[in-house]
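J.: sequence plus predicted model, see below.
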Amino acid sequence: MNEIEGSWFDGDRSRRRGARLRWGSGALALLPEEGGRISIDPQRLQMSSPLPGAPTRLSWGGEDSFVTMDEAGVAAMRRDLALGGGWLSRLENRMSFALGAGMLCVSLLVAFAFWGVPAIAARAAFLLPVEVSDDLGDLLLGELESWLPPSELTEARQAGLVRYFTSRDETDASPRVEFRASEIIGANALTLSATTVAFTDDLVMLAENDQELLAVYFHELGHAELRHVEQKVLTASAWLVMFALLTGDIGVVGDLLLGSALLGPALGPFSRALEREADAFAVERLLAAGESPEAMISILEKLEAQSGLMVSVNGTASDENGSNRDEPAPDAAISEAEITVSENTDEGFLLRLLDIIASHPPTEERIEYIESRIAD
Ligand SMILES: [Zn+2]
């Protein structure tokens, strides 16, 4: 029987009267208990939302309404008469559509931010004029001045190393090599832009021979030639702009871009992928120059040993029993702005930030890669 029971209110009298709603083949009628029959145009029928457990109110224009608790009956009537589900359920449908569309938008944005932006930045980095890289190198050297005071190596030693590097380097435009003293970042080398790399005196001192320094130079040259710093800066800028567009606060972006907000990304560590690229580049160049990549392994081992020492001095690394030995070692240098920083730094913010987000491949992994290349 296509019928539901409920109460009928005719608007004139607030008294509830028993009635049935009957439907069939596109027709709908109200049958009051007291007798009679009122035809209803199904097209005019309006329903309050059929929320579970709540009565459903049906009206059809005018003052009349019919209230029922028969959810299953209402559902059957809607199905038979092909009726919509009332304003709330229409809204629910619309809302789930909007929600779905919103989620899709967010997913696309996230995917674009994580894959699209870096991919575009990787290409765009090569379109930047060389002057931009020169300026970037100058800017970063200026910002790092307090961390990287002038080198104490003799002019002759510095010039000799640069001559040696460039003599083994087949590229036309070798980057400028800066030497700097540094108590803060210890033995390290940094790529500051496609045209600027820096070595610390400690690194020069740590190396057993110049071949080891050449290996480091080629690694940095990899970062430089592949425009890794420019990629990081472009990616960070694009993220900043995206963030501003999403939050609507575009003014902040201008301030940040003109300020030193991009310093962090520029000096921050390279991703593992970029580190591997630079390692692969270095091995190629060493082989092309007739040098053994063994030099790269030996300097990596020295840096690793040194960073372990520094970290334990700081009391943040493994205990004496070596129970933390399985943890990835703190990045040995040749990892840019590598952070085995002692406590005496007040400029700790950036360094700590870099430490947190450091993601270089562990030295062990890098050595394994180089060994595999030697074996080839
Ligand atoms: Zn590196």
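T.: Right, received. Where do you want to start?
J.: quick one, helices of this structure?
T.: Under the criterion DSSP state H, helices of the chain are mapped to 71-81, 86-111, 117-124, 130-143, 155-168, 201-206, 210-225, 228-247, 250-258, 263-267, 272-288, 294-314, 348-357, 363-375.
J.: residues in contact with the third one?
T.: When you say that, I think you mean helix 117-124. Helix 117-124 is contacted by residues 227, 230-232, 234-235, 238-239, 242 when judged by Cβ atoms under 8 Å, 6 or more residues apart in numbering. Any C-beta I mention is one placed from the backbone N, CA and C, and that applies to glycine too.
J.: filter the residues you listed down to the buried ones.
T.: Among the contacts of helix 117-124, those classed as buried by 16 or more other Cβ atoms under 10 Å are 227, 230-232, 234-235, 238-239.
J.: just name the most buried of the helices of the chain.
T.: Greatest average neighbour count among the helices of the chain goes to helix 210-225 (a mean of 25), per mean count of other Cβ atoms under 10 Å.
J.: got the angle between that helix and helix 272-288?
T.: Helix 210-225 runs at 130 degrees relative to helix 272-288, counting by axes from the mean of the first three to the mean of the last three Cα atoms, to 10 degrees.
J.: mind starting the numbering at 534 from now?
T.: Shifting the count to begin at 534 puts that one at helix 743-758.
J.: pLDDT of helix 743-758, averaged?
T.: In this model, helix 743-758 carries a mean pLDDT of 95.
J.: what's the spacing between that helix and its chain's center?
T.: 28 Å (Cα atoms, centre = their mean, to the nearest Å).
J.: swap in stretch 733-752?
T.: Relative to its parent chain, stretch 733-752 has a centroid offset of 33 Å by Cα atoms, centre = their mean.
J.: so which bits of stretch 538-558 are buried?
T.: Across stretch 538-558, burial judged by 16+ other Cβ under 10 Å covers 539-543, 552-556.
J.: can the residues you listed go into JSON lines with extra columns for distance to Met628?
T.: Below are the buried residues of stretch 538-558 laid out as JSON lines (distance: Cβ to Cβ, whole Å):
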{"residue": "Gly539", "distance to Met628": "28"}
{"residue": "Ser540", "distance to Met628": "31"}
{"residue": "Trp541", "distance to Met628": "32"}
{"residue": "Phe542", "distance to Met628": "30"}
{"residue": "Asp543", "distance to Met628": "34"}
{"residue": "Ala552", "distance to Met628": "33"}
{"residue": "Arg553", "distance to Met628": "34"}
{"residue": "Leu554", "distance to Met628": "29"}
{"residue": "Arg555", "distance to Met628": "33"}
{"residue": "Trp556", "distance to Met628": "29"}
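J.: which ones among the residues you listed map onto strands?
T.: Mapping the buried residues of stretch 538-558 onto strands (DSSP state E) picks out 539-542, 552-556.
J.: what is the most widely separated pair among these?
T.: Phe542 and Trp556 (19.4 Å; Cβ to Cβ).
J.: any idea how far apart the tips of stretch 567-581 sit?
T.: From its first residue to its last, stretch 567-581 covers 26 Å (Cα to Cα, to the nearest Å).
J.: just stretch 557-574 next, same as before
T.: The first and final residues of stretch 557-574 sit 12 Å from each other (Cα to Cα).
J.: contacts for that stretch?
T.: The contact list for stretch 557-574 (Cβ under 8 Å, 6+ apart) reads 535, 541, 550-556, 575, 578, 593, 597, 599, 610, 613-614.
J.: the ion versus the residue positioned nearest the centre of the chain, what's the distance?
T.: Among the residues of the chain, the one closest to the centroid is Phe647, at 5.2 Å (Cα atoms, centre = their mean). Applying Cβ to the ion, to the nearest Å, the value for Phe647 to the ion is 21 Å.
J.: could you list the domains of this structure?
T.: Annotated domains of the chain cover 536-617, 661-908 [automatic domain parsing].
J.: need those in a markdown table (columns: distance to the ion).
T.: Listed next are the domains of the chain as a markdown table, based on distance: least, Cβ to the ion, whole Å:
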| stretch | distance to the ion |
| --- | --- |
| domain 536-617 | 60 |
| domain 661-908 | 5 |
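J.: mean pLDDT for those domains: which is lowest?
T.: domain 661-908 (a mean of 78).
J.: distance from the chain centre to that domain, please.
T.: 21 Å.
J.: in a markdown table: the domains of the chain, plus distance to Met636.
T.: What follows is the domains of the chain, written out as a markdown table (distance: least, Cβ to Cβ, whole Å):
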| stretch | distance to Met636 |
| --- | --- |
| domain 536-617 | 24 |
| domain 661-908 | 15 |
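J.: of all those domains, which lies closest to Ser640?
T.: Evaluated over the domains of the chain, closeness to Ser640 peaks at domain 661-908, with 14.1 Å, by Cβ to Cβ.
J.: got the end-to-end distance for that closest one?
T.: By Cα to Cα, the extent of domain 661-908 from end to end equals 38 Å.
J.: neighbours of the nearest residue to Leu578 once chain neighbours are set aside, how many?
T.: Nearest non-adjacent residue to Leu578, counting by Cβ to Cβ, 6 or more residues apart in numbering: Trp593, 5.1 Å away. A count of neighbours around Trp593, defined by other Cβ atoms under 10 Å, yields 18.
J.: what's the answer for Ala740, then?
T.: Ala740 is flanked by 22 other residues according to other Cβ under 10 Å.
J.: can you pull the contacts of it?
T.: Contacts here follow Cβ under 8 Å, 6+ apart; on that basis Ala740 touches 746, 749, 832, 835.
J.: which one is the last one nearest to, not counting chain neighbours?
T.: Yep, that's Lys835 we're talking about. In space, Lys835 is closest to Leu739, 5.4 Å off (Cβ to Cβ, 6+ apart).
J.: would you check that the one you found makes contact with Glu834?
T.: No. Counting by Cβ atoms under 8 Å, Leu739 sits too far from Glu834 to count as a contact (10.8 Å).
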